[in-house]
Structures are given as C-alpha cells and as structure tokens.
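> Build me a structure from this.
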Amino acid sequence: MRKIFIFIFCLLCCINVIRSQAYSIVIKDGHVIDPKNNINEVMDIAIQDGKVIMVAKKIDAAKAGQVVNAKGLFVTPGLIDIHTHNFVGTNADQAYMNGPAGVIPDGFTFRSGVTTIVDAGSSGWRTFPDFKKNIIDKSQTRVLAFLNIVGEGMRGGAYEQNISDMDPKAAAVTASTYRNFIVGIKLAHYVGPEWIPADNAVEAGKQANIPVMVDFGGNTPPLSINELFFKHFRPGDIFTHCFAKLGTREFIIDSTTNKVKPFVLEAQKKGIIFDVGYGGISFSFSQAVPAVKSGFYPNTISTDLHTGSMNNAMKDQLSVMSKFLVMGMDLQSVIKASTWNAAVVIRREELGSLSVGSDADVTILNIREGKFGFWDYTGYKIEGTRKFECEMTIRGGKIVYDLNGIVTPVVAKPINGK
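Okay, the predicted model is just below:
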C-alpha cells in the first residue's frame, strides 16, 4: 500500500510540474522586431514544442522551463542568409563542390544568429544528392539550396564553362524531386558574351516554378544588366553581388553621376531582387554608400560565406548587417532584409517571422556601442559606433547558442526526471 501511495504522490507531482510549465522557454522584456507582423516594441515570447505559441506584453515566466532575460536586447526572427557555400569536402581540385572552399553550416551559423542558410549553387543537378546526404541531412541549421544550372555544380574551371552541361530539364526535374530543399536555380562564374547560360537557368526556373539567382562571372565588355533585368529575368529573380565593382561586370552606380542608374531603380520596382552576396571581392563601399544614401536598399542581405570571404572583409552575417546600419540603413530595414524579405524571396513564407504557430527560430541581438572599423576588399574603410553581436540563437525551440548565459537555468531540466 505504501508503494502505491508513493507512486500516486510522485505521479501527481509530475502532473503538477507539467501543468505549471506551460512553456519550454519564455523570452522576457526584449525589444521585438518582427517585420512581417509589424511588431517593433518590447514584448515577451513563449515557446513550446518547437513553436512560437504566444507573443504578448506580459507572459508569466513562472510557467516556463527556462527564462531568457532579453532586457535591453533585440529579439528578431532567426536570421536567413540566402547566399552561402556549404558543400565542403576533401577534393582539393573541386572548389565549392565537395571541396575545400565551402564551410560546414553549424560551425558558422548559430554564433551569428543565422538559423537558415541557402547554399548558392555549390551543387548541380548531378551532384545535389551527395550534398543532401553529406551536409543537409547532418546539419542542425536549416539548409536549403539554389541548384546550379551546371550539372557538376561549382566544381571550378572548365566545368563551370560547359554550356552543354547546363540542362534546364535535368535541373528542373531535380529541383522538383527535392522541392523541400531546393528553392531556386543558380548561374555562377560563367565567363563569356553568350546569354545561353542565363536563358537555360531561367528556363529551368520556369519549369520548376522557382526563382533564379545570377552571378555574372564576367566578360569584356561586361554583359548588360539592363538587358538581364528586362529581357531575361522575371519578377522575383535575383541579381546577387549587387554592390560589386569589378571591371568585367557592369555595376549599378553611374560613375559620372555617382547615383544609382535609373533602370536599376525601375528593375527593383518591377520586382527584380537585389541581393548583397558580399563575398571576397563582390562588395564595394563605392557602390553601396551612394546607393544606401539615396534610399536604394538591397532586398536581401547575404554573405556569400566561404573560406575566403569569412576571413577577409566580409566576416559573417552580422558584420554585413552592421555595415548597412553604419551606412544609414535603418534598423528595421536591416532586420527585414535578413529575415522576412529573405523568406519571401525564397518562397518560404513559413520562415522569417515570429508568428504564432511558426517554428521557434529566434535570434537575440545586442547592438554594441563603441568605435568600430568596417572595410571592403579595396581597403576603403568607414568607421561606425554601432555593431551587431549575437547573444542567443534558438533553432526549432532549442537554445543552440548562448553567448553570456542569459537563460535561467542555463541547462534545461527535463520535467519528467529523465
């Protein structure tokens, strides 16, 4: 009888604990910026079963398994970086496709507040299955992909110049087969005057009903971006490296007036997406500063993360966001370009917000005050007094990065004692 009594008592205690812990995590007193839902004020957020279940002025922290003290911090949807390279491998001669230039996602995402990345064409329709097996399926980070129009992907050299390997039908079939992971088609690194590569990429995008991202490799004279925008692109297609200033590519700022070319403004109004895609040499302050000052903002802020760019001027997503903040882009627009805009561009509107019922991907940011230097690959430097720093990243309702232990208890305690 005594054992039965003890068992019933313990069971009742467990039930009471379960009832009292209505939330796995409550984030308290943070300044929430959620562009989709037009929230820009101090709010609390409750998380349970991997989902956002409440956003309100006051949520009872006593009902939470863990409580995050976000006072004085900014709480945003998990950041989305739509231009990265993650098909890391050991084949030294294969560049970004199963080679040494890519970076493993989880090592470089969460510490920068990024919960979703989109690999930008490292794999092609022939090599995507290996990318999925080796990287996507093994990552805590949500990894999506633009599929390269080249069957081999970014293998480098002659492989990426092989027009005969740019098969729209094969790319579209692969994209449709893996539609849960592939969000678009990518053209990159092609050097030459032909429009066939761009047209094949767009045709694949049409067949699979997904957007296309183009990175001109270069040509002399440069291919016309006016022609790209108005004769080849569809609304929703993406011009990445939009602030690059390289001799083999046409750039968006008119060198004589130092203003954004009028047709560029028209293209953005038409629905062409301008993506930062910072990279190693694909961003210049001489392009970005006059653009931002005139009110021309990128639709999406992204890094072009790879082993070269991360150790050069680019650094990471927060560094790129900080540069736009310093150049005069307002805080809400910077967050929007790194969250909700990115989700819309890749047609994953279930991401990029803190809507009730959405996956609990949350980033908590500190804006440090001080004296900071920001430079581009040309050596041009600007100084600023504000810089983003990631305090916490939550992916799917689990804390995956906590810089300063702002959660109590630091380690989640199971409610059933197991």
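> rest of the way, CA atoms for contacts and neighbours
Noted.
> And the strands in the stretch 51-200 of the chain?
51-56, 64-69, 74-77, 79-84, 114-124, 142-148, 182-188 (DSSP state E, counting those that start in this stretch).
> Which other helices and strands does the third one contact?
For strand 74-77, the contact count by 3 or more C-alpha pairs under 8 Å, 6 or more residues apart in numbering; DSSP states H and E identifies strand 23-34, strand 362-375 as packing neighbours.
> out of those strands, deepest packed?
strand 23-34 (a mean of 24; mean count of other C-alpha atoms under 10 Å).
> residues in contact with whichever helix or strand comes after that one?
Next along the chain after strand 23-34, taking DSSP states H and E as the criterion, comes strand 39-48. Contact with strand 39-48 is made by 22-34, 52-59, 360, 397, as judged by C-alpha atoms under 8 Å, 6 or more residues apart in numbering.
> Strand 39-48: which residues count as buried?
For strand 39-48, burial by neighbour count (16 or more other C-alpha atoms under 10 Å) applies to Ile39, Val42, Met43, Asp44, Ile45, Ala46, Ile47, Gln48.
> Over to stretch 69-83?
Residues of stretch 69-83 classed as buried: 69-70, 73-83 (neighbour count, 16+ other C-alpha under 10 Å).
> same deal with stretch 309-322?
Ser309, Met310, Ala313, Met314, Lys315, Asp316, Gln317, Leu318, Ser319, Val320, Met321, Ser322.
> List the ones among those that fall in strands.
Among these, the subset assigned to strands under DSSP state E is empty.
> where do the helices sit along the stretch 301-418 of the chain?
Assigned helices in the stretch 301-418 of the chain, in chain order: 317-327, 331-337, 340-345 (criterion: DSSP state H, counting those that start in this stretch).
> what packs against the first one?
Contacting helix 317-327 under the criterion 3+ C-alpha pairs under 8 Å, 6+ apart are the following elements: helix 285-293, helix 331-337, strand 381-395.
> hang on, the earlier thing: could you dump the strands of the stretch 51-200 of the chain to a markdown table with distance to Ile364 and mean pLDDT?
Formatted as a markdown table, the strands of the stretch 51-200 of the chain follow (distance: least, C-alpha to C-alpha, whole Å; pLDDT from 0 to 100):
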| stretch | distance to Ile364 | mean pLDDT |
| --- | --- | --- |
| strand 51-56 | 15 | 98 |
| strand 64-69 | 10 | 98 |
| strand 74-77 | 5 | 99 |
| strand 79-84 | 10 | 98 |
| strand 114-124 | 11 | 98 |
| strand 142-148 | 18 | 98 |
| strand 182-188 | 26 | 98 |
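> can you list these in JSON lines and add distance to Ala342?
Conversion of the strands of the stretch 51-200 of the chain to JSON lines gives the following (distance: least, C-alpha to C-alpha, whole Å):
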{"stretch": "strand 51-56", "distance to Ala342": "20"}
{"stretch": "strand 64-69", "distance to Ala342": "26"}
{"stretch": "strand 74-77", "distance to Ala342": "11"}
{"stretch": "strand 79-84", "distance to Ala342": "6"}
{"stretch": "strand 114-124", "distance to Ala342": "10"}
{"stretch": "strand 142-148", "distance to Ala342": "12"}
{"stretch": "strand 182-188", "distance to Ala342": "12"}
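> Which one of those lies nearest to Gly277?
Closest to Gly277 of the strands of the stretch 51-200 of the chain, according to C-alpha to C-alpha: strand 79-84, at 5.9 Å.
> Which other helices and strands does the closest one contact?
Under the contact criterion of 3+ C-alpha pairs under 8 Å, 6+ apart, strand 79-84 touches strand 114-124, helix 340-345.
> Pairing partners for the longest one, with directions?
So the one you mean is strand 114-124. strand 79-84 (parallel), strand 142-148 (parallel) (DSSP bridges).
> got the CA coordinates for the last one in PDB?
Think strand 142-148. Extracted in PDB, the C-alpha atoms of strand 142-148 (Å, rounded to 0.1, in the frame of the first residue of the first chain):
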ATOM      1  CA  ARG A 142      18.100  24.600 -41.800                       C
ATOM      2  CA  VAL A 143      20.000  24.200 -45.100                       C
ATOM      3  CA  LEU A 144      18.200  24.900 -48.400                       C
ATOM      4  CA  ALA A 145      19.800  25.300 -51.800                       C
ATOM      5  CA  PHE A 146      19.900  27.100 -55.100                       C
ATOM      6  CA  LEU A 147      20.700  24.300 -57.600                       C
ATOM      7  CA  ASN A 148      23.400  25.100 -60.100                       C
END
